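Undergrad: missing the sequence, but the structure's below:
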């Protein structure tokens, strides 16, 4: 539901800007009419900032969803990474500010840090996979191990 509403805001922004451009063009074609004499930035600046914020929120929610599979993953040794991800999510959810308030720039730095932290976890997960795969004694066990990782490949690990 939340993602649908966020998507609708982005669609509204596109529609609003398209209508503005269409009306601006109509005015250009008829120079007798009073032309727009204001900057597009003054009209769309705050909305553009809001849309950029929404895109970050959507990206964060998509990460939450993709990494949720890690919690159900039953691969020995992966628990510390899953716990650290849950901790990251918990920390970001506890932030005291309104994430939709674009004047609160703390969200932007927290978002960037969250992305960096998730990327670091993804690298740790990839290293764990690579090391574990190298240590498999047989091809059959290696394939069975890879099959377990197939369930969490959405986090961005390379299974090839």
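TA: Looks like it arrived, so ask away. Quantities reported herein were computed from a predicted structural model and do not represent experimental measurements. Numbers count the residues shown, from 1 in each chain.
Undergrad: pull the longest helix from the chain.
TA: Criterion DSSP state H: the longest helix present in the chain is helix 40-72.
Undergrad: name the residue most distant from the centre of this structure?
TA: Distance from the centre of the chain peaks at residue 32, with 47.1 Å (CA atoms, centre = their mean).
Undergrad: the helix or strand that comes right after the longest helix of the chain packs against which elements?
TA: Next helix or strand after helix 40-72 toward the C-terminus (DSSP states H and E): helix 79-93. On a contact count with 3 or more CB pairs under 8 Å, 6 or more residues apart in numbering; DSSP states H and E, helix 79-93 meets helix 40-72, helix 106-134. All C-beta spots, glycine's among them, are computed from the backbone N, C-alpha and C.
Undergrad: contacts for helix 79-93, please.
TA: 60, 64, 67, 70-71, 73, 110, 114, 117-118, 121, 124-125, 128 (CB atoms under 8 Å, 6 or more residues apart in numbering).
Undergrad: pLDDT below threshold where in the protein?
TA: In the predicted model of the chain, residues 160 satisfy pLDDT under 70.
Undergrad: residues contacting the residue farthest from the centre of the chain?
TA: Residue 32 touches nothing, counting by CB under 8 Å, 6+ apart.
Undergrad: SS state for it?
TA: Look at residue 32: counting by DSSP: H, G, I helix; E, B strand; the rest coil, its state is coil.
Undergrad: now it: phi and psi?
TA: Note on residue 32: backbone dihedrals following degrees, to the nearest 10 are phi -70, psi -20.
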